[in-house]
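Chemist: Below are the sequence and a predicted model for it; my questions follow.
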2 protein chains.
Amino acid sequence: MKLLEEKILKDGIVLSGTVLKVDKFLNHQIDVKLICELAKEWKRLFEGENITKILTIEASGIGIACITALEFDVPVVYAKKIKSSNIGDDLLSAKVVSFTHGNTYNVIASKDFITKDDRVLIIDDFLANGSALRALIKLCEAGGATVVGAGIAIEKAYQKGGDAIRNKGYRVEALARISKMNSDGTIEFC
Amino acid sequence: MKLLEEKILKDGIVLSGTVLKVDKFLNHQIDVKLICELAKEWKRLFEGENITKILTIEASGIGIACITALEFDVPVVYAKKIKSSNIGDDLLSAKVVSFTHGNTYNVIASKDFITKDDRVLIIDDFLANGSALRALIKLCEAGGATVVGAGIAIEKAYQKGGDAIRNKGYRVEALARISKMNSDGTIEFC
């Protein structure tokens, strides 16, 4: 999506050639007008899929997910991150191994809100190695829900997490797919 | 606000007479249509105040803040919670003592996004003893911004945090003000 790529080139900052800082518009300050345009694009892409719920993960996915939910006219559920492995009976859970932060945590969601009647669109800001997205898919499937697909703002396509998930048959629509980030701060898109 | 009070009576659950669980519509599953109505009410209340930014705190404030920001047509900034007291030079910070969770943490925001040119509306889901709201006010003032006021979804008015902040001259607009929660699960509004 041209608009998002241009925004990344204008306001994104590449740190040490590996980290893309987008806190000016995506995950600290949020440009809600831009997010509306992303939401409209996901609505176009997933039109006719009878989505009943948007699922995301705290914290940086929540804003994008809520604005997207307005487009689809459905509720949002955000999965919570917990360090404890003590999971209540009323909760769905899945483990995330974060390569970025070098730790492991559980994501949880209430069984009341992800059910067999749901057709879920997963929304998140970033997709890199795919650990968070895999966990959200597991949550849906543990609840018996159908995963319609995932809408991702920025995919680091060179990290292969997205392709591995696509290869398992899931639809992943990333609106900006980065093929390369260079040590001079330049960014290349697929 | 009648609509929110009715929703709390219908879908809120009082646990042990002290905790109000609203995870069906506010802070786990989010009823975005309801939040739109709250946003419109804050827009009406703060009309003409030339608000330039919405400030909230992760995680449960983010969804409400983003939908409210659409009404005001301004960006959102969400303050992050960190346990470290190691604060970078480019960050504003304030300490929060959480009575609810019995711990202390810092909230931070980038100096780039809260500046002397900003007129800030703070948005959050809950106000009880007021520690988070006081910290957000401190962040704004540390950045030289003007605090126009705060829009709160649910205030536990019997906990006095809101009144203490109002008494310091800040405008706090809570859309549902609870005067009492009873051990039989009933809820009374101001």
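Modeler: Cool, got the structure.
Chemist: I'd say A:D11 and A:L20 touch.
Modeler: No. Counting by Cβ atoms under 8 Å, A:D11 stays clear of A:L20, with 10.8 Å between them. In short, each C-beta sits where N, CA and C put it, glycine included.
Chemist: roughly how far apart are the residue nearest to the spatial centre of chain A and chain B?
Modeler: Most central in chain A under Cα atoms, centre = their mean is A:D124, positioned 1.8 Å from the mean C-alpha point. Counting by Cβ to the nearest Cβ, to the nearest Å, the gap from A:D124 to chain B is 13 Å.
Chemist: which parts of the helix or strand bottoming out on mean pLDDT in chain A are buried?
Modeler: Least confident helix or strand, chain A: strand A:91-98 with a mean of 91, by mean pLDDT, DSSP states H and E. By neighbour count on 16 or more other Cβ atoms under 10 Å in any protein chain shown, the buried set for strand A:91-98 is A:91-94, A:96.
Chemist: now stretch A:8-26
Modeler: In stretch A:8-26, counting by 16+ other Cβ under 10 Å, buried: A:8, A:11-12, A:14, A:20, A:22-26.
Chemist: just stretch A:24-36 next, same as before
Modeler: For stretch A:24-36, by 16+ other Cβ under 10 Å, it's A:24-32, A:34-36.
Chemist: Ok, stretch A:166-186 next?
Modeler: For stretch A:166-186, by 16+ other Cβ under 10 Å, it's A:170, A:172-178, A:181.
Chemist: Distance from that stretch to the middle of the chain?
Modeler: 12 Å (Cα atoms, centre = their mean, to the nearest Å).
Chemist: Could you give the average pLDDT over it?
Modeler: Stretch A:166-186 shows a mean pLDDT of 96.
Chemist: cool, and stretch A:68-76?
Modeler: 98.
Chemist: tell me the SS of A:I64?
Modeler: At A:I64 the chain is in helix, as set by DSSP: H, G, I helix; E, B strand; the rest coil.
Chemist: I'd say it and A:L121 touch.
Modeler: No. Applying Cβ under 8 Å, one finds A:I64 not in contact with A:L121, separated by 11.6 Å.
Chemist: out of those two, which sits in the busier spot?
Modeler: The neighbour count for A:I64 versus A:L121, taken as other Cβ atoms under 10 Å in any protein chain shown, is higher for A:I64 (30 against 27).
Chemist: out of the buried residues of stretch A:166-186, who's nearest chain B?
Modeler: Closest approach to chain B among the buried residues of stretch A:166-186 (Cβ to the nearest Cβ): A:L175, at 17.4 Å.
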